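>>> Need coordinates for the below:
(chains A and B)
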There are 2 protein chains.
Amino acid sequence: MKLATLKNDTRDGRLVVVSRDLTRCCEAGNIAPTLQAALDDWEQCAPKLEALYRDVEHQAVPCERFHENDAHSPLPRAYQWADGSAYINHVELVRKARGAEVPESFYHDPLMYQGGSDAFLGPRDDIPLGDPAWGCDMEGEVAVITDDVPMGASDADAADHIKLVMLCNDVSLRGLIPGELAKGFGFFQSKPPSAFSPVAVTPDELGDAWKDSVVHLPLQVDYNREPFGRANAGVDATFSLAQLVAHAAKTRPLCAGTIIGSGTVSNQDADGGPGKPVSEGGLGYSCIAEIRMIETINEGEAKTPFMRPGDTVKVQMLDADGHSIFGAIRQEVVAV
Amino acid sequence: MKLATLKNDTRDGRLVVVSRDLTRCCEAGNIAPTLQAALDDWEQCAPKLEALYRDVEHQAVPCERFHENDAHSPLPRAYQWADGSAYINHVELVRKARGAEVPESFYHDPLMYQGGSDAFLGPRDDIPLGDPAWGCDMEGEVAVITDDVPMGASDADAADHIKLVMLCNDVSLRGLIPGELAKGFGFFQSKPPSAFSPVAVTPDELGDAWKDSVVHLPLQVDYNREPFGRANAGVDATFSLAQLVAHAAKTRPLCAGTIIGSGTVSNQDADGGPGKPVSEGGLGYSCIAEIRMIETINEGEAKTPFMRPGDTVKVQMLDADGHSIFGAIRQEVVAV
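Okay, here's the model as predicted:
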């Protein structure tokens, strides 16, 4: 099934069930007022939401028109957002760009940071930027939402706790990262609010593209209305989303509504190289930091600037028939 | 006023107003069902809660007996928990213990990490520990809860957004920290759920002890029923709680219900030394890592082990008359 949260005058919006083709939706408030409420009681709510979804698909219930513009992130605020780094190609490039080594441990122990989850941006909300020198960047990612995950869950158990899948634009302030990481406590100011796709879907909606807790489809990232990234989320994933969930749960339980991200989706070239721009026939990049690194390697210096007011990013994923699965994140950077 | 969340069969408990002496409480559900709900609409709810508090103090409303054992952390789960390091003595000791330098930036730019906020422990809940080798430690801290803080708030503005004060036991797994910090993304598995005091209070409850957004009172930390730490939270605070809130809000707004911590309260000795145990007439320590460092300096090796199953910690703060302000965090480590 497909779920969305429509903006209203509350902080957490209202839950709707969305038709597979994203054209219609039906209020689900009589099952759960918000997505968090549904996740808090998923075992009870999920079958009822699935039944409503079948009715929506069969046009057996009155629906309203679904506009992606009206949607908030599926969880407008969450109790947890933790972002992994499943795609080592991204990590290698970004670390090279920072002059930092890839720690040996990365290859068997996932990188993960605790992100701010109190105030996500909506999928069509502007990205407020206080200072262009902060080096605003987008990061196109896949993210999952879990129900309650017990401490110490195995990878297999973790897979069963993945209830919903969505896309993410993990906004990063590259100019603040080196100083902040040098302090040793990880990201904080360098990770302002992220945005998620208008629609979250159950893994079964992905069909064969959901395999071993990895989404095997290209992630489309457009920058200023031009194709920028077409990396396949099913390729070069060192860790599955289930492995990232299990990593997060190693020393503590995870509350229902926990969001775990894949990190920036990134593919190597077919020849094992670090990747070429889409305009040169490559799969491109899901963030600007990567192309800057390629430019540094190839031309001696980074040429593509980070995002400035007026720049736009679009993130979406199409199924095998070319239909949008999650709706599109579409955001513009604005000065504040 | 004083507020608490009593455990019931819901994830977020039920909000009560507690008498100043912590003996009685009154259901506040007709004002707001939960503390988060009150914070979401603080301007409307706070005056009503204050009026109820006056009635509780005047015994003008029916009350029930307040048992600290029945309390959850004031916010059983929160949308944000970010912990600063206001007390440089602690940072210097812990970094020395890890063989790490104190970054120069620390003295003007607060250290802060994004903590997990999805599933706090209650103030009397056991601390589940998967493996004693993880090096379980307590950290006694002061923490504040804000309402909505706009991005870019000044220190003065941030002070006005501090609505409640409480105590914290920030549980740390010292054995996992070096490896995790070496990966560069900060704490994750090394910071399992924290616990907060049974009661959260408005700053005015602290009277003269609340000055410039710092609590000027000793924090009592007992370890295995013996005095372990008596450091004064008003001494050696490099940053105020308002400065920590402003730091958190530099690049993003903070949602109502954000919890910001002071970091481990830690005082130097009167002679500028790193501190002596309470048993030797010093102010002691609010965490075990500090005494281990002192032992390493003085005796060549750390002797006090980290917490093991059966070890207990108690954290509280008394007013000038010797009355408990926030109730006591009292926890025991248990093997899981």
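>>> so who does A:Gly272 touch?
In this structure, A:Gly272 makes contact with no residue, judged by Cβ atoms under 8 Å, 6 or more residues apart in numbering or on different chains. For glycine as for every other residue, the C-beta is placed from the backbone atoms N, C-alpha and C.
>>> Neighbours of the closest residue to chain B within the stretch 201-336 of chain A, how many?
Residue nearest to chain B within the stretch 201-336 of chain A (Cβ to the nearest Cβ): A:Cys255, separated by 3.6 Å. Summarising burial for A:Cys255: neighbours were counted as other Cβ atoms under 10 Å in any protein chain shown, giving 25.
>>> Leaving out the residues flanking it, which one is nearest to it?
B:Asp118 (3.6 Å; Cβ to Cβ, 6 or more residues apart in numbering or on different chains).
>>> next one: A:His323
A:Asp21 is the one closest to A:His323 (Cβ to Cβ, 6+ apart), at 6.7 Å.
>>> cool, and A:Val334?
A:Asp126 (4.3 Å).
>>> Listing request: residues of chain A with sub-threshold pLDDT.
A:97-98 (pLDDT under 70).
>>> Which segments of it make up each domain?
A:2-66, A:81-335 (the TED database).
>>> Quickly compare those and say which is most buried.
domain A:81-335 (a mean of 21; mean count of other Cβ atoms under 10 Å in any protein chain shown).
>>> Quote the end-to-end distance of stretch A:102-120.
Taking Cα to Cα, to the nearest Å, stretch A:102-120 runs 29 Å from one end to the other.
>>> go on, stretch A:21-41?
Start-to-end, stretch A:21-41 (Cα to Cα) is 27 Å.
>>> Walking through chain A, point out its helices one by one.
A:35-40, A:42-57, A:88-98, A:155-160, A:177-182, A:241-248, A:288-299 (DSSP state H).
>>> any idea how far the longest one is from the chain center?
Just to be clear, that refers to helix A:42-57. Distance, stretch centre to chain centre, for helix A:42-57: 24 Å (Cα atoms, centre = their mean, to the nearest Å).
>>> same thing with the fourth one?
Using Cα atoms, centre = their mean, the mean C-alpha position of helix A:155-160 is found 20 Å from that of the whole chain.
>>> What is that helix packed up against?
Helices and strands touching helix A:155-160, by 3 or more Cβ pairs under 8 Å, 6 or more residues apart in numbering or on different chains; DSSP states H and E, are helix A:241-248.
>>> hmm, back to that, reformat the domains of chain A as JSON lines; add distance to B:Asn89.
JSON lines is the format used below for those (distance: least, Cβ to Cβ, whole Å):
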{"stretch": "domain A:2-66", "distance to B:Asn89": "39"}
{"stretch": "domain A:81-335", "distance to B:Asn89": "17"}
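>>> what about these, which gets the closest to B:Ala237?
domain A:81-335 (18.2 Å; Cβ to Cβ).
>>> Need the nearest residue in space to A:Arg95, chain neighbours excluded.
According to Cβ to Cβ, 6+ apart, the nearest residue to A:Arg95 is A:Val102 (5.3 Å).
>>> all strands of the stretch 51-200 of chain A, in order?
A:64-65, A:71-72, A:81-84, A:112-115, A:127-129, A:136-137, A:140-146, A:162-169, A:172-173, A:195-196, A:200-201 (DSSP state E, counting those that start in this stretch).
>>> can you pull the contacts of the closest residue to A:Asp170 other than its chain neighbours?
Sequence neighbours aside, A:Glu139 is the residue nearest to A:Asp170 in space, at 4.1 Å (criterion: Cβ to Cβ, 6+ apart). Neighbouring residues of A:Glu139 by Cβ under 8 Å, 6+ apart: A:168-172, A:263-264, A:286-287.
>>> List the contacts of the residue of the stretch 201-336 of chain A closest to chain B.
A:79-80, A:148, B:11, B:77, B:118-119.
>>> My guess is A:Ser227 contacts A:Gly284. True?
Ser isn't right for residue A:227; it's Pro. Yes. With contact defined as Cβ atoms under 8 Å, A:Pro227 counts as touching A:Gly284 (6.7 Å).
>>> and for these two, which residues touch both?
A:221, A:278.
>>> Enumerate every residue touching the closest residue to chain B within chain A.
Closest contact between chain A and chain B, by Cβ to the nearest Cβ, is at A:Gly186 (2.0 Å). By Cβ under 8 Å, 6+ apart, the contact set of A:Gly186 is A:113-114, A:180, B:113-114, B:184-187.
>>> Alright, that wraps it up for me.
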